[in-house]
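Engineer: Below are the sequence and a predicted model for it; my questions follow.
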Protein chains: 2
Amino acid sequence: MQAKHKIATGAKTDELLKLLEAAGGCLESRIRRIYLEMSPPTIDDNISDYERLRRALDQEGVDASHLHLNILALKKMSRVLREANWKVTVPVFNVGSFTELLDIYPGDVRNTRYGAAVDIGTTTIVVYLVDMTNGHILGTASSYNPQVKCGDDVITRIVYATEKNGLQELQDLAIGSINGMLTELANKNNVAHGMIDYVVAAGNTTMTHLFYGINPQYIREEPYIPVAAFFPLIRGKNVGFKVDPQAIIYTMPNVASYVGGDITAGVLVSQIHKKEEVSLFIDIGTNGEIVLGNRDWLVTAACSAGPAFEGSGIKFGMRAMEGAIEEVEINPATFDVHYRVIGDAKPIGICGSGMIDILAEMYLCGVIDQKGNIREDLGSKRVRRGDSGLEYVLVWRVESAVNKEIVITEVDLDNLIRAKAAIYAGFATLLAQMNLSFGDLDRLYIAGGFGRYIDVERAITIGMLPDLPVDKFVFLGNTSIIGAYYGLMCDRIRHEAEEIAKKMTYIELSVSHSFMDEYMSALFLPHTNIDSFPTVKRELEQRKK
Amino acid sequence: MQAKHKIATGAKTDELLKLLEAAGGCLESRIRRIYLEMSPPTIDDNISDYERLRRALDQEGVDASHLHLNILALKKMSRVLREANWKVTVPVFNVGSFTELLDIYPGDVRNTRYGAAVDIGTTTIVVYLVDMTNGHILGTASSYNPQVKCGDDVITRIVYATEKNGLQELQDLAIGSINGMLTELANKNNVAHGMIDYVVAAGNTTMTHLFYGINPQYIREEPYIPVAAFFPLIRGKNVGFKVDPQAIIYTMPNVASYVGGDITAGVLVSQIHKKEEVSLFIDIGTNGEIVLGNRDWLVTAACSAGPAFEGSGIKFGMRAMEGAIEEVEINPATFDVHYRVIGDAKPIGICGSGMIDILAEMYLCGVIDQKGNIREDLGSKRVRRGDSGLEYVLVWRVESAVNKEIVITEVDLDNLIRAKAAIYAGFATLLAQMNLSFGDLDRLYIAGGFGRYIDVERAITIGMLPDLPVDKFVFLGNTSIIGAYYGLMCDRIRHEAEEIAKKMTYIELSVSHSFMDEYMSALFLPHTNIDSFPTVKRELEQRKK
């Protein structure tokens, strides 16, 4: 059982509602609840319970001519109608002329309607429990994706899924984790699970497949084909969710095998699909997906950055939660480390934004060279040899919450440099594909879970982000969960997400030679070609003086 | 496990297809099978499997904009597509603008499509396995409804259903019986269960509820309300059928608590809803439901005849199958019995048509009086005292297939008279309600499972049928299964059945005083008022001479 904590990037209802409104959204979800009061049957009005319900729906203006009803609701109908004295609430769901009654609840429960937005990250899962009547976020929870134990990235999980009972195990892990958080949030807010009738989740394509228990095998094999990009409607009971068994489960539409619903959600939140200016959107999660475009066109690619900035594969890496070092500064003379910890607690580990700082500071102070190798001859006791080669002590044992030194190792540094190189190479390749250069970009939107914010200058220093004016960068936080929330609350916006997904042209970087070239060039700090990072070059020169 | 036998009323495809055509039907079922050939994905055409399938559907002219797909089909999609080299067949089902893909089969299996028509009788269940491509009946099976052990009639079964696990048990019994017959028929015809994608069943309202596992409790309590008259679409897996799990299960629409889908099916077969002349339709099953009307109006009622004519509650009663005595003649001088047995076999018991003959012959020959009491002083060794009072030996041990005498007892006679009285009282009450008399009837359609035919004159003799010219009577056989077959093969006809059900006005006889009066008057042979049976009166007088 993973520990659960409030995410550092707290969800403030007021902010989200304002964002939703600014994005053209409203509080009109896909499921309506309709309250019906019926007269009890008599010998002169002896139509069946179901026809009585249909008649009442008809009187409420709901077209029940093609009404669909599941066997569970049908089985309990007569009991609920009588126990509730013919006053019931029904959640109604429409697709075209097809109307479905999802369930039947006793009494007037129009105002006790809940939904959940879920971000199924490769590394982290986030859940919002939402009051559907007003969009208020009742609570948020997040946890490591327990699938991590079956593999750090999507590729290893796909391999795992094709073995024995792997697929089922992976699905069970994800659903179990979400259920655990849903239960925690529901209990805390006195919400009955059965009153949650809608769930909108966003995840990358592989995560979405695993979420539904669908074999992701062909995502990995050329020509990289997912089973579905737009998933049909699935019910709560089909994925084993602790919600109304007939709840509608929707996943934000995927674009291709390596650009999923989390990115569609991200574009939705960035609104780049509505702007005239050319924007670049990047979600620095486990994969590192990039979208480039404007209101007329959108291209997208994935650059397999890996989960380093989410804490995976880094000795003291962790998510952005209490105890995580999120800011670091190194004194260039003494090599002493100043750091800030989320929650002002004793440090446990380092989150993404801290890692960017560490890499930048170590480089600028000369603790590491351009390749990320620690200078053994630095003359500081912070440099020492550990189990996995040279390491740098960031926090001494007395200051740490884990009763040992918190260090960054050469292996960590190598992982971070690979991750940042993949991201930068993705940017560069995608721009080149469109015959654009970094100078053509009006805006860069950055999403991801590395912390409450990221220090853009430091991200430029390490060559993860291009050397552009700082005011061109906008940090959006976890756009996957925000986009899922948008889709949950407003059906028009959910539909817009589908239009976005259809509009995006996917470019497969894994078969691109220029991507590999760009990647190799970016495996230096900040880059093989220092001239493409004039600001960094200038700072290095100033520091030398 | 009940023994299963071919029903005597054999289903001849040619006859049924002619009947279907005469009823305005055609071979256009609710589910279409569409064969799709797709080009395999490439790096340049790398849409998901599901979108590829949708695109192929679109090219076949199927509107897939609101395509629905269940999780089972989705889970196997990528495997089936690849194993079948991108050539698959999909069963497609439409409701309004909502299109559902029920399943996905490898290769071109448009021509291996099967369906089942089922008559869920209170006493007998009949199954037809049908080749959906041409309407051919591949095989028929029938068996006693094993629910009989929980009660002979619908009332006792409703009571049973409300106890402990009774509802589940009743459902399991019916489904188990149908599955057994389906398996037998499928094996015999080399049909894979998964290729059966459509089942249309007809049964009375209670049987329909039990079939779905839905509590029928309120059918029995005033004001007699079923859960549903028109059931929503249910899937094969929801009822535990041995068919494609996503197969559409449809039940012919019910009218009210005591007039079910078997009667809607019956009207459909009789076509009285299209005729100008005033007709009376009766289905003499366990209930005895009556429909009166023409193309402008239809009224209906149930008269609780009980299962006597189906063999239940009769010592040697049996269904109309091999070994059943179906015709009986008694020599008025010697009291010897001449009989004809279905299949020209040694007799096992007596089916409905045989019972009518026996009652009529015993009455005409003076073996019994007007009340059905056996004349002990008859002076024939065939009259003797048995375990349940006086009885009449129909078949001596040496002639019988059961190594004992086949007799009819006074208890049997009493049951038969009650059954025929209920039927006649139903006729009379319904006509009176419409201010009509028997003389106003142009045609009487008789359905039911008593035998291959019934001797109308003998049925008039016992006062079950009114004393009208014999050419006004038309015997239709098991209209429940024929109507289910119509609905299975032709969706327009199935829809017509729904219109019929909506059109019928139900009259509740159980609260009618005039019904009770009519019933009491009909507890005599042929009737208290012999003048309403002039033909019988004449024959009795002739015999006396």
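Structural biologist: Yep, it's here.

Engineer: number of nearby residues for A:L416?
Structural biologist: For A:L416, the count of nearby residues is 26 (other C-beta atoms under 10 Å in any protein chain shown). C-betas here are computed from N, CA, C, even on glycine.

Engineer: Past whichever helix or strand it is part of, which element shows up next along the chain?
Structural biologist: Element membership of A:L416 [criterion: DSSP states H and E] is helix A:410-433. As assigned by DSSP H and E, the chain's next helix or strand after helix A:410-433 is strand A:443-447.

Engineer: name the helices or strands packed onto that next one?
Structural biologist: Counting by 3 or more C-beta pairs under 8 Å, 6 or more residues apart in numbering or on different chains; DSSP states H and E, the packing neighbours recorded for strand A:443-447 are helix A:261-270, strand A:279-283, strand A:473-477.

Engineer: which residues does the residue nearest to A:I482 when sequence neighbours are not counted contact?
Structural biologist: Using C-beta to C-beta, 6 or more residues apart in numbering or on different chains and skipping residues adjacent in sequence, the residue nearest A:I482 is A:V269, 4.9 Å away. A:V269 makes contact with A:L19, A:A23, A:A447, A:L476, A:T479, A:I482, A:G483, A:Y486, according to C-beta atoms under 8 Å, 6 or more residues apart in numbering or on different chains.

Engineer: residue ranges of the strands in the stretch 51-200 of chain A, please?
Structural biologist: Using DSSP state E, counting those that start in this stretch, the strands of the stretch 51-200 of chain A run over A:67-69, A:87-95, A:98-101, A:105-106, A:114-120, A:124-131, A:137-144, A:196-203.

Engineer: re the thing from before, closest one of the contacts of A:V269 to chain B?
Structural biologist: A:G483 (20.0 Å; C-beta to the nearest C-beta).

Engineer: neighbours around the closest one, how many?
Structural biologist: A:G483: 32 neighbours (other C-beta under 10 Å).

Engineer: Could you verify my assumption that it touches A:A202?
Structural biologist: Yes. Using C-beta atoms under 8 Å, A:G483 is in contact with A:A202, at 5.6 Å.

Engineer: circling back to that earlier point, okay, the helices and strands packed on strand A:443-447 in CSV with mean pLDDT next?
Structural biologist: As requested, those are arranged in CSV below (pLDDT from 0 to 100):
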stretch, mean pLDDT
helix A:261-270, 97
strand A:279-283, 96
strand A:473-477, 91
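
Engineer: Give me the subset of the contacts of A:V269 lying in strands.
Structural biologist: Within the contacts of A:V269, residues falling in strands by DSSP state E are A:A447, A:L476.

Engineer: Tell me which helix or strand the residue of the stretch 151-300 of chain A found nearest chain B sits in.
Structural biologist: Per C-beta to the nearest C-beta, A:A228 is where the stretch 151-300 of chain A lies closest to chain B, at 3.7 Å. Using DSSP H and E, A:A228 falls within no helix or strand.

Engineer: about what we covered before: among the strands of the stretch 51-200 of chain A, which comes closest to B:N331?
Structural biologist: Closest approach to B:N331 among the strands of the stretch 51-200 of chain A is made by strand A:67-69 (60.8 Å; C-beta to C-beta).

Engineer: Does the closest one pack against any helices or strands, and if so which?
Structural biologist: Checked by 3+ C-beta pairs under 8 Å, 6+ apart, strand A:67-69 has helix A:49-59, strand A:98-101 packed alongside it.

Engineer: and the shortest one, is it in reach of chain B?
Structural biologist: Yes. Judged by C-beta under 8 Å from any C-beta of the partner chain, strand A:98-101 comes into contact with chain B at A:F98.

Engineer: what helices or strands is that strand leaning on?
Structural biologist: Packing partners of strand A:98-101 (3+ C-beta pairs under 8 Å, 6+ apart): strand A:67-69, strand A:87-95.

Engineer: Provide the partner residues of A:A117 in its beta bridges.
Structural biologist: Listed beta-bridge partners, A:A117: A:Y128, A:V200 (assigned using DSSP bridges).

Engineer: okay if I get the strands of the stretch 51-200 of chain A as a markdown table plus mean pLDDT and mean neighbour count?
Structural biologist: Compiled in a markdown table, those are given as follows (pLDDT from 0 to 100; neighbours: other C-beta atoms under 10 Å in any protein chain shown):
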| stretch | mean pLDDT | mean neighbour count |
| --- | --- | --- |
| strand A:67-69 | 88 | 21 |
| strand A:87-95 | 91 | 21 |
| strand A:98-101 | 87 | 22 |
| strand A:105-106 | 96 | 20 |
| strand A:114-120 | 97 | 29 |
| strand A:124-131 | 96 | 26 |
| strand A:137-144 | 94 | 21 |
| strand A:196-203 | 97 | 28 |
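
Engineer: Would you tell me which of those strands gets closest to B:I507?
Structural biologist: strand A:67-69 (27.4 Å).

Engineer: hang on, the earlier thing: ranking the helices and strands packed on strand A:67-69 by burial, who's on top?
Structural biologist: The highest average neighbour count among the helices and strands packed on strand A:67-69, using mean count of other C-beta atoms under 10 Å in any protein chain shown, belongs to strand A:98-101 at a mean of 22.

Engineer: Just checking: what are the partner strands of that strand?
Structural biologist: Going by DSSP bridges, the partners of strand A:98-101 are strand A:67-69 (parallel), strand A:87-95 (antiparallel).

Engineer: Let me see the contact set for A:V127.
Structural biologist: Here A:V127 is in contact with A:A116, A:A117, A:V118, A:D119, A:T140, A:A141, A:S142, A:I178, A:M181, A:L182, A:L185 (C-beta under 8 Å, 6+ apart).

Engineer: ah, wrong one, I meant A:M520
Structural biologist: Residues in contact with A:M520, defined by C-beta under 8 Å, 6+ apart, are A:T528.

Engineer: For it, give me the pLDDT.
Structural biologist: The model reports A:M520 with a pLDDT of 96.

Engineer: repeat for A:L20
Structural biologist: Taking A:L20 on its own, its pLDDT is 94.

Engineer: Neighbours of it, how many?
Structural biologist: Neighbours of A:L20 (other C-beta under 10 Å): 20.

Engineer: tell me, how many neighbours does the nearest residue to it once chain neighbours are set aside end up with?
Structural biologist: Among residues not flanking A:L20 along the chain, A:Y486 sits closest, at 5.7 Å (C-beta to C-beta, 6+ apart). Neighbour count for A:Y486, taken as other C-beta under 10 Å: 28.

Engineer: Report the residue spans of chain A with pLDDT below the cut-off.
Structural biologist: By pLDDT under 70, the low-scoring segments of chain A are A:1-11, A:449-452.

Engineer: Spatially central residue for it, please.
Structural biologist: Geometric centre of chain A, nearest residue: A:S480, 3.8 Å, by C-alpha atoms, centre = their mean.

Engineer: Hmm, A:A202 and that residue touching each other?
Structural biologist: Yes. At 4.5 Å, A:S480 counts as touching A:A202 under the criterion of C-beta under 8 Å.

Engineer: any residues in contact with both of those two?
Structural biologist: Common contacts of A:S480 and A:A202 (C-beta under 8 Å, 6+ apart): A:D119, A:M252, A:G261, A:D262, A:A265.

Engineer: contacting residues for the third one?
Structural biologist: Neighbouring residues of A:G261 by C-beta under 8 Å, 6+ apart: A:201-205, A:208, A:251-254, A:480, A:497, A:501.

Engineer: Pop out the phi and psi values for the residue nearest to it when sequence neighbours are not counted.
Structural biologist: The shortest distance from A:G261 to any residue other than its chain neighbours is 3.1 Å, reached at A:M252 (C-beta to C-beta, 6+ apart). Backbone torsions for A:M252, taken as degrees, to the nearest 10, come to phi -60, psi 140.

Engineer: burial measure for A:M252, as a count.
Structural biologist: Using other C-beta under 10 Å, A:M252 has 33 other residues around it.

Engineer: thought it was touching A:D262?
Structural biologist: Yes. Using C-beta under 8 Å, A:M252 is in contact with A:D262, at 7.0 Å.

Engineer: Mutual contacts of these two, please.
Structural biologist: Shared contacts of A:M252 and A:D262, defined by C-beta under 8 Å, 6+ apart, are found at A:A202, A:G203, A:S480, A:G483.

Engineer: Out of these, which comes closest to A:K346?
Structural biologist: Nearest to A:K346 out of those is A:S480 (C-beta to C-beta; 30.3 Å).
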